[in-house]
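Participant: Requesting a structural model of the entry that follows:
(2 chains)
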Amino acid sequence: MIRLTRRYRFSASHRLHCRELSDQRNRELFGACNNPFGHGHDYVLELSVRGPVDESSGRVVHLGELDKLIRGEILETFQHKNINEQVPEFADTIPSTENLLADIERRLARRWSSVFPGPWPALDRIRIRETRHNIFETSTETSTEPSPRAI
Amino acid sequence: MLVTRKEEFCASHACWRPELSEQQNLELYGEPANPHGHGHNYVVEVTLEGRPDPLTGMVLDLRLLKQIIRRDVVEPFDHRFLNREVPPFDRLVPTPENIAVEIWRRLAPHFPDSGPRLHAVRLYETEDLYVEYSGERA
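Facilitator: Numbering: from 1, shown residues only, chains lettered A, B, ... in the order given. Predicted coordinates for the structure are as follows:
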């Protein structure tokens, strides 16, 4: 059993703002992230998959298929976008990186078994680096959604 | 406690299976299928698990771990074309997965049950792609 991690990047803007709260409370709660015009990050997305190494190919996952899935489902959705305004899932959801992580997890869960129909590779972990200082990752205990496959 | 030592080697490889056609290799491996090979600055992180010795305060003398990694991995792999010069990659495609497993095989005999345990081998092929192997116990 081996774990492979692949790193992708996308740049996007967002604004953290909760409509139910006053402007004053929003400023207190989110600070600079509440700037009405939004602000952006170079997000780094790390995806880990797990499985046995296929004896003939020497691979745990077909990297071309993985890249295609991430490009189609994630990068094209978020790259150079204003997440609040241009990604429908965030019309009423605060695009905190926690929520972004949960959204990416849902997107991958939805498509995983059609791209990788066998028992392996399993999606093992998703990790997003919003900045060098802020890092978010899924864990089996706290994941909002079940993994596409039991690990 | 986990202790990790990092070492580096530069090598070329080709993800290429001779029994497949050029087109099939390209479909399976993408660009790395070029049979002439291409290179990487590989980074290998070897992690041991153990208790610090009460006398020395160390899980293992890291100079010893460095010597083992350098002798059994870095020296044979560094500045080599893995497919042509480093068995078993003459018959096993040197994907990062297979390289990590081979590194584990070379290191494991140095860590018998009595001392610190070999916990993981992490191999970075590039900054954006790495694999981790912890043997087949789990």
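Participant: Might one say that B:Asn83 is in contact with B:His36?
Facilitator: No - here B:Asn83 lies out of contact with B:His36, judged by C-beta atoms under 8 Å, at a distance of 10.3 Å. Using the backbone N, CA and C atoms, a C-beta is placed for each residue, glycine as well.
Participant: With neighbour numbers in mind, choose between those two.
Facilitator: In terms of neighbours (other C-beta atoms under 10 Å in any protein chain shown), B:Asn83 is the more surrounded of B:Asn83 and B:His36; the figures are 21 against 8.
Participant: SS state for that one?
Facilitator: Put simply, B:Asn83 is helix when judged by DSSP: H, G, I helix; E, B strand; the rest coil.
Participant: Which residues are in contact with it?
Facilitator: When contacts are counted by C-beta atoms under 8 Å, 6 or more residues apart in numbering or on different chains, B:Asn83 is found next to B:13-14, B:16, B:37, B:89-90, B:94.
Participant: got it, and A:Val53?
Facilitator: For A:Val53, the contact set (C-beta under 8 Å, 6+ apart) comprises A:2, A:59-60, B:95, B:97-98, B:101.
Participant: Can you select the buried ones among those residues for me in ChimeraX?
Facilitator: In ChimeraX, a selection of the buried entries from these looks like this (16 or more other C-beta atoms under 10 Å in any protein chain shown):
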select /A:2,59,60 /B:95,97,98,101
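Participant: Which two among the contacts of A:Val53 are spaced furthest apart?
Facilitator: With distances taken as C-beta to C-beta, the most widely separated pair in those is A:Arg59 and B:Val101, at 12.0 Å.
Participant: Which pLDDT value goes with A:Pro148?
Facilitator: We note a pLDDT of 44 for A:Pro148 in this prediction.
Participant: my bad, should have said A:Thr142
Facilitator: Confidence per residue is given as pLDDT, and for A:Thr142 that number is 46.
Participant: One more: B:Glu136?
Facilitator: Looking at B:Glu136, its pLDDT reads 88.
Participant: mind checking which helix or strand it is in?
Facilitator: No secondary structure element spans B:Glu136, as it lies outside all helices and strands (assigned by DSSP states H and E).
Participant: need the contact list for the closest residue to it other than its chain neighbours.
Facilitator: Excluding the flanking residues, the one nearest B:Glu136 by C-beta to C-beta, 6 or more residues apart in numbering or on different chains is A:Met1, at 6.9 Å. Remark: with contacts taken as C-beta under 8 Å, 6+ apart, A:Met1 is in contact with A:50-52, B:134, B:136, B:138.
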